[in-house]
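In: the sequence and its predicted three-dimensional model are supplied below.
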Amino acid sequence: MGYCSHPRLFALLVLVAVVVSASSRDLPIISFDEGYNKLFGDDNLMILKDGKSVHLLLNERTGSGFVSQDLYIHGFFSASVKLPTDYTAGVVVAFYMSNADMFPKNHDEIDFEFLGHIRGKEWRVQTNVYGNGSTNTGREERYNLWFDPSEDYHQYSILWTDSQIIFYVDNIPIRVVKRSENMGGDFPSKPMSLYATIWDGSDWATNGGKYRVNYKYAPFLAEFSDLVLHGCAVDPIEQISKKCDKTQGSEYIPTGVTRVQKMKMEGFRKKQMTYSYCYDRIRYKVAPPECVINPQEAERLRVFDPVTFGQGHRRQRKHHHRSSSRASVAEATSV
């Protein structure tokens, strides 16, 4: 992405990106059997011979998914993912944290959701945060990417601490959610498991359900590798931490956003963000209290969609709720 026009600064950003990318190879990667269990999908989940790569398939019979063996309270969670190719409308690939099984009425969740599209259109990435069952306040943001995520593996990571949540794509932070008094109990604070799934989101995922999964193009294949589970594991009964991972490679785990990373994040959001709940005047007449309105960001989104992000009017869209089963992710809107 050409984030800046100054040659020296651009060269510095490229150099930093190369260094960070190189260090990502030293993250504490584990095998599937060390940290995960099959969730659903039977033969649609395949563990490769190296033991560190997993293929998830969606076909007319079922999707598939896996889940971490442990619950975690805070940590760094990452995977390299290659998404399905060709016609992928209605297909949803998710990499997320949740405790919906343990807390069905007040669960927490931190989401990466990848939304497929018709041929010729690009995959979109959605991030979302729920805390304490706050599903009535969806905190979605949606972005385009600066690459085709179906051509090669790219790293998607979540850093979750007691004070902030950071979403990374290829070590570039794309979103920071800071804990604040305004969020009240809506900041995720209970132990969660890590999930990866592929499933049929025909009812909402592509243009509000206009384009559904076409199984003529099945099976849809999502590939996962470089699995990182680095956090404080929690005893599921006592709900207290039983260990905090200090494995080899811990020094390469990020703890926040550097100055250069912040510049790259601002460039990404300026060029690639297409939706933010904070500016959605159809869903929220008044922005949720934790939102900090950026006038430049507001104006750019208003130009992009003057009805959603301005003072226009149109019929209220339907919000599609998905079940809180282990095989699903939390609510998302269709924009």
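Out: On my side now, so go ahead.
In: got the phi/psi numbers for the residue lying closest to T255 once chain neighbours are set aside?
Out: Nearest residue to T255, sequence neighbours excluded (Cβ to Cβ, 6 or more residues apart in numbering): L159, at 7.7 Å. Bear in mind the C-beta positions are built from the backbone N, C-alpha and C, glycine included. With angles defined as degrees, to the nearest 10, L159 sits at phi -110, psi 120.
In: hang on, L159 packs against F76?
Out: Yes: with contacts counted by Cβ atoms under 8 Å, L159 reaches F76, the gap being 5.2 Å.
In: picking up where we left off before, now for the residue nearest to T255, how many residues are close by?
Out: As a burial measure, L159 scores 24 neighbours (other Cβ atoms under 10 Å).
In: which strand residues bridge it?
Out: Assessed by DSSP bridges, L159 has beta-bridge partners F76, I166.
In: residues in contact with the nearest residue to K105 once chain neighbours are set aside?
Out: With Cβ to Cβ, 6+ apart as the criterion, K105 has its nearest non-adjacent residue at 5.7 Å, and that residue is G133. Contact analysis of G133 by Cβ atoms under 8 Å, 6 or more residues apart in numbering lists 103, 105-107.
In: let's see it at 10 Å
Out: By Cβ atoms under 10 Å, 6 or more residues apart in numbering, G133 lies in contact with 100, 103-109, 185-186, 324, 330.
In: now render those residues as JSON lines, adding pLDDT.
Out: Formatted as JSON lines, those follow (pLDDT from 0 to 100):
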{"residue": "A100", "pLDDT": "95"}
{"residue": "F103", "pLDDT": "93"}
{"residue": "P104", "pLDDT": "93"}
{"residue": "K105", "pLDDT": "92"}
{"residue": "N106", "pLDDT": "94"}
{"residue": "H107", "pLDDT": "96"}
{"residue": "D108", "pLDDT": "97"}
{"residue": "E109", "pLDDT": "97"}
{"residue": "G185", "pLDDT": "87"}
{"residue": "D186", "pLDDT": "94"}
{"residue": "S324", "pLDDT": "34"}
{"residue": "A330", "pLDDT": "32"}
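In: most widely separated two among these?
Out: Using Cβ to Cβ, the pair of the contacts of G133 lying farthest apart is G185 and S324, separated by 17.9 Å.
In: between these two, who's got more neighbours?
Out: The neighbour count for G185 versus S324, taken as other Cβ under 10 Å, is higher for S324 (20 against 12).
In: circling back to that earlier point, that's a helix at the residue nearest to K105, yeah?
Out: No: according to DSSP: H, G, I helix; E, B strand; the rest coil, G133 belongs to no helix; its state is coil.
In: and it, what pLDDT?
Out: Note for G133: predicted pLDDT of 92.
In: so C244 touches A233, yeah?
Out: Yes: C244 is within contact range of A233, at 7.7 Å (criterion: Cβ atoms under 10 Å).
In: identify the residue spatially nearest to Q239, adjacent ones excluded.
Out: In this structure, Q239 finds its nearest non-sequential neighbour in P191, 6.4 Å apart by Cβ to Cβ, 6+ apart.
In: for the stretch 201-335 of the chain, what spans make up the helices?
Out: Counting by DSSP state H, counting those that start in this stretch, the stretch 201-335 of the chain has helices at residues 259-272, 295-304, 306-309.
In: quick one: the first one to helix 295-304, angle?
Out: Pointing back at helix 259-272 there. Between helix 259-272 and helix 295-304, the angle comes out at 20 degrees (axes from the mean of the first three to the mean of the last three Cα atoms, to 10 degrees).
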